[in-house]
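Student: got a predicted structure plus its sequence, pasted below:
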Amino acid sequence: MGIEGVGARVARKEDKRFITGAGRYVDDMIVPGMKHAAFVRSPHAHAEIAGIDVKAAQAMPGVHGVLTGRELKADGIGNLICGWMIHSKDGTPMKMGAWSPLAVDRVRYVGDAVVIVVADTKGQARDAAEKVEISYKELPAVTDASKSMDAGAPQIHPEAENNLIFDWDIGNADETAAAFKNAAHVVKLDIVNNRLVPNAMEPRAALGHYDKAEDHYTCWTTSQNPHVARLVMSAFYNVAPENKLRVIAPDVGGGFGSKIYIYPEEIVCLWASKKTGVPVKWVADRTESFLTDAHGRDHHTHAEMAFDKDHNILGLKVETKANLGAYMSLFSSATPTYLYATLLSGQYNIPAIHANVKAIYTNTAPVDAYRGAGRPEATFVMERMMEIAARQFGLSPAELRRKNFVTQFPHQTPVIMCYDAGDYAASLDAAMLAADYAGFPQRKAQAAKAGKLRGIGMSCYIEACGIAPSAAVGSLGAGVGLWESAEVRVNAVGTIEVLTGSHSHGQGHETTFAQLVNERFGVPLDSVSIVHGDTDKVQMGMGTYGSRSGAVGMSAIVKALDKVEAKAKKIAAHLLEADEGDIVIENGTLKVAGTDKNVPWFQMALAAYTAHNLPGGMEPGLKETAFYDPSNFTFPAGCYICEVEVDPDTGMTEIVQFVAADDFGNIINPMIVEGQVHGGIAQGVGQALLEGAFYDASGQLLTASYMDYTMPRASDLPSFQLSTSNTPCPSNPLGIKGCGEAGAIGSPPAVINAITDALGHENLTMPATPQKVWAAARAAKH
Amino acid sequence: MYSVNYHRASSVADAAKLLASEDAKALSGGMTLIPAMKTRLAAPSDLVDLGHIADLKGITVSGKTVTIGAATTHAEVANNAALKQAVPAVAHLASLIGDPHVRHKGTIGGSVANNDPAADYPAALLALGATIVTNKRSVAADEFFTGLFETALEDGEIITSVSITAPDRAGYEKFRNPASRYAIVGVFVAKGPNGVRVAVTGAGDEGVFRSSELESALGGSFTPEAAAGVKVSADNLMSDMHASAEYRASLITVMAKRAVTQANG
């Protein structure tokens, strides 16, 4: 490794512009003649639209257009779709209700977009929006997935009887039932995975520009995958064919999954631009973000685990109700199925698993993948289960886990996944050592003297990243392939541009991708530029989510670099009159191995473009493209240990130490990996202690601002102790597993296991707020 | 935010004149009013900025009498050396308000006039038996805070300062709402020549109130143990998603105990 190569702790190239306020986000984009949009949204969770009167709004100053769903439909704009087909266990396809970008006859959650107003200024658009008169006929609403299927519950979509979208099975019910018959112990668990609001720092935004002379659309949008946005908007929403639609996702200030999806606003802004003849910009305010960004989690689960008399796991049964909200968001069906139930084997040998998932409509914001996407929910079930089982058996939580760890690879689980590499005991040992697990009883006694309840909890998570082999996900219902593309352009002076279909919205690709190029060709980082986020520059790509940019995106770059290297060596061999097999690249120079004959990288590049002296028949130039389709998922895993002190008088929980021992495979930049883990743990601690989206019975979001929705702050978190013990991933050329979501996946059960250990009883739901912990501490005492 | 006319008042008299118009509102630090206007929940026609009136600023300590100008920021209260000497609990309270941004913009007059049921200053003023001085009169704290966001202020009346007599001992502890960081329960205890006064903010369903149970227990023995022995009734306490009335009742005892420990140094 060089000072800028793979494995180096290089400061992020992109941070200069972010830290100095020079980033360029959608709201920074200004197009001549641009106007501003405000959306009129439903104040009701469920209502029929009896009528819309836009006359007064149209007469307001500065207004260019007040447009409704009927006009949108008349222009042939399509409904939003969910791009992953799930079949119920009876073989029927999922029951997807219609989601019009602007509601036509009915609204189904508070925040549902009904009318767009376009005006000279944002203030004028809002003033006019207040003059739009919509008469609603209110209908009863349901917000709780555990009640939405009850007899007499309001019917949200005619397509989905009893609000049931699908009733899906995985694993083997008979084998699992047989395993439970032979069980010496059965441990049961009812658990809720709380609903979260993503809260990206940059709110969603869209700028639609229709160029009448060219009959061409440009959409600047806060997207994690602009090419998917273009594909979906052209193929399904009928906005424009792909060649007439350019999608640009410039700097994006955090996504966490919420910016994967195509939302109504970008479609409507594009359409409204054509309709009104002016470019139309919309930027969500924070309230709109709370109400309409796709929320995360919201699972209600009953699970049972069977053990033999020696505490070996025999089988697992899981029943989950997944709240998908009022409409099916783009990948909402995949999150509680193939991203969740396929991880229910955890790090353990479990001979038989059966899981059933019911996806359910409610009158709430749509729910889709949020950092971890299904895997935090699976990990929360598994790691609460293992901790509770150990406590019931009177065993050490570490030893019960260790006894059941998968130790032989590859390991085929009963739920599709084939784990290819890992060393779960190594992470467990590293975490216990770092946490001084053995010294805990002494620390607990010390805390008790000060009136504090001290507890320790662990979580041994596994996740599947690097999504995903295209044929495999296709057979499971995905509407897209999940490969990635790369193009490496070597300029005539030897500097390099890498065009990638991955999209950076905080991940640091401009640094890590350049480090990879530096490692291969010795070109300084400053001479490597990463280009992404524009469908006119990068031909096609699948974007960034699911910790896939390293494992999949960089693997595509490796393939393109391989092709560049092969051609570069041919050119160098020709210039040096040597055999191409003897050429090696060292420190930015192409050399004949074992001699001092060499040609510097830039001279080779110049030769490729002057084309004065190339091998016979070789095309000029040096630019290569590659597509990489992974052959397997990757399986990051690790062990997290959390230690807390609870003040029983107030219910306040203080995290006194947090240890993360991860296996991410090979690492490009340890500093960026640590940053990912820090952020992930902060979000996981947020879910465990602080964050929760709550609707009242009528469907109003009670936590619609930072006055009521608690985000983690620095003072809520300790200084984390991180380490990695890595086993390279065998399925991709760099041996990378991925690290973007681990922190959010592994931490919630560790935190709850620690608090329940401190309290001495298990009945505690997330977020474990002071009020809940205070009540639980009192209940434990009595 | 709707369109609004901004006026910078040059004196208290000037401000009073400007406030006479129909929907005018006084603007001090703006830490409550401006966010409400940005979300269109408040829509005054005119804003009268009190922040540039020299007479409203500053802290004077003379013997046991402390006077704090209405436009004095929380940060100035928190860091004033003379005040820290005379009534350290008030400086401590100011240091706990909001975040640094709020403390450098928000003012004592604005906070007292707004009388948010979860604000900190009302607890201090009530427990200290402070006097709120306006451009028209002086009002005792016991008469001033009349309900949720309600005070004895009349239309156009402007707080110019608050006046405190330093107690022998005082302490303030609060338990924060995890999201907003306002007080779920804040308890200010003060012991002076006229006995013990205890005021509770964040918890009462009619705003800040004095706790007679705590005052009588601490009047007998100004010790944490005496406070800890008081079981506060949950009647007339607020209940919301963050804290039930029972939880608040329990926290009042706990915060009172800790405030007394602090007061006894």
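Tutor: Yep, it's here. Keep in mind that this is a model prediction, so the values were computed, not measured.
Student: longest helix anywhere in the chain?
Tutor: Picking chain A for this. The residue-count maximum for a helix in chain A (DSSP state H) belongs to helix A:554-576.
Student: oops, wrong one, chain B.
Tutor: Every helix in chain B considered (DSSP H), the longest is helix B:245-263.
Student: in this structure residue B:15 contacts residue B:51, no?
Tutor: No: with contact defined as CB atoms under 8 Å, residue B:15 does not reach residue B:51; the gap is 10.5 Å. Bear in mind the C-beta positions are built from the backbone N, C-alpha and C, glycine included.
Student: for those two, indicate the residue with more neighbours.
Tutor: Applying other CB atoms under 10 Å in any protein chain shown to residue B:15 and residue B:51 shows that residue B:15 carries more neighbours, namely 24 against 17.
Student: contacting residues for the more buried one?
Tutor: B:9, B:26, B:48, B:50, B:53, B:158 (CB atoms under 8 Å, 6 or more residues apart in numbering or on different chains).
Student: give me the nearest residue to it, chain neighbours excluded.
Tutor: residue B:9 (3.5 Å; CB to CB, 6 or more residues apart in numbering or on different chains).
Student: that neighbour and chain A, how far apart?
Tutor: 26 Å (CB to the nearest CB, to the nearest Å).
Student: any idea of the mean pLDDT for stretch B:198-211?
Tutor: Averaging pLDDT along stretch B:198-211 gives 98.
Student: end to end, how far does that stretch reach?
Tutor: 6 Å (CA to CA, to the nearest Å).
Student: buried set for that stretch?
Tutor: Residues of stretch B:198-211 classed as buried by neighbour count (16 or more other CB atoms under 10 Å in any protein chain shown): B:198-204, B:207-211.
Student: can you get me a residue count around residue A:725?
Tutor: 18.
Student: cool, residue A:410 as well?
Tutor: The local packing of residue A:410 (other CB under 10 Å) involves 11 other residues.
Student: for it, give its distance to chain B.
Tutor: 45 Å.
Student: ok, that residue touching residue A:422?
Tutor: No: using CB under 8 Å, residue A:410 is not in contact with residue A:422; the gap is 10.2 Å.
Student: that older thread, so what's the gap between the longest helix of chain A and the chain middle?
Tutor: 34 Å (CA atoms, centre = their mean, to the nearest Å).
Student: give me the buried positions along that helix.
Tutor: Counting neighbours by 16+ other CB under 10 Å, helix A:554-576 gives A:554-561, A:564-565, A:567-576 as buried.
Student: around chain A, which positions in the stretch 151-265 of chain B sit nearby?
Tutor: B:175, B:178-180, B:241-244, B:247, B:250-251, B:254 (CB under 8 Å from any CB of the partner chain).
Student: buried members of the residues you listed into PyMOL, please.
Tutor: If you want just the buried ones from those in PyMOL, going by 16+ other CB under 10 Å, the selection is:
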select buried, chain B and resi 175+178+179+180+242+243+244+247+250+251+254
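Student: ok, so of the residues of the stretch 151-265 of chain B next to chain A, who is nearest residue A:114?
Tutor: Among these, residue B:241 lies closest to residue A:114 (CB to CB), at 28.1 Å.
Student: secondary structure element for the closest one?
Tutor: Using DSSP states H and E, residue B:241 sits within no helix or strand.
Student: contacts only, for it.
Tutor: Counted by CB under 8 Å, 6+ apart, residue B:241 has contacts A:694, A:702-703, A:708.
Student: so which of the residues you listed also contact chain B?
Tutor: Of the residues in the contacts of residue B:241, proximity to chain B by CB under 8 Å from any CB holds for A:694, A:702-703, A:708.
Student: just the ones in helices from these, please.
Tutor: Among those, no member lies in helices (by DSSP H).
Student: of those residues, closest to residue B:38?
Tutor: When the ones next to chain B among the contacts of residue B:241 are compared for distance to residue B:38 (CB to CB), residue A:708 wins out at 17.2 Å.
Student: wouldn't that closest one be in contact with residue B:179 here?
Tutor: Yes: if you go by CB under 8 Å, residue A:708 and residue B:179 touch, sitting 5.2 Å apart.
Student: mutual contacts of the two, please.
Tutor: residue B:242.
Student: contact residues of the stretch 201-350 of chain A facing chain B?
Tutor: residue A:287.
Student: tell me the residue of the stretch 201-350 of chain A that sits nearest chain B?
Tutor: Residue of the stretch 201-350 of chain A nearest chain B, by CB to the nearest CB: residue A:287 (7.2 Å).
Student: so what does that residue have for phi and psi?
Tutor: Dihedral angles of residue A:287 (phi, psi; degrees, to the nearest 10) stand at phi -60, psi -40.
Student: ok, it touching residue B:40?
Tutor: No: if you go by CB under 8 Å, residue A:287 and residue B:40 don't touch, sitting 10.4 Å apart.
Student: coming back round to it: most surrounded residue in the contacts of residue B:15?
Tutor: With neighbours taken as other CB under 10 Å, the top of the contacts of residue B:15 is residue B:50, carrying 29 neighbours.
Student: which non-adjacent residue is nearest that residue?
Tutor: Nearest non-adjacent residue to residue B:50, counting by CB to CB, 6+ apart: residue B:28, 5.2 Å away.
Student: thinking the one you found is in contact with residue B:69, fair?
Tutor: No: in this structure, residue B:28 is not within contact of residue B:69 by CB under 8 Å, at 10.9 Å.
Student: the more surrounded of those two?
Tutor: Remark: of residue B:28 and residue B:69, residue B:28 carries more neighbours, 28 against 22, as counted by other CB under 10 Å.
Student: ok, that one - contacts?
Tutor: Residue B:28 neighbours (CB under 8 Å, 6+ apart): B:50-51, B:70-71, B:106-107, B:109-110, B:113.
Student: circling back to that earlier point, just the ones in strands from the buried residues of stretch B:198-211, please.
Tutor: B:198-201, B:209-210 (DSSP state E).
Student: turn these into CSV, columns for distance to residue A:485.
Tutor: Putting those into CSV (distance: CB to CB, whole Å) gives the following:
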residue, distance to residue A:485
B:198, 69
B:199, 66
B:200, 63
B:201, 59
B:209, 66
B:210, 70
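Student: for the stretch 1-150 of chain B, what spans make up the helices?
Tutor: B:12-18, B:33-38, B:74-79, B:81-86, B:88-95, B:100-105, B:108-114, B:121-127, B:141-144 (DSSP state H, counting those that start in this stretch).
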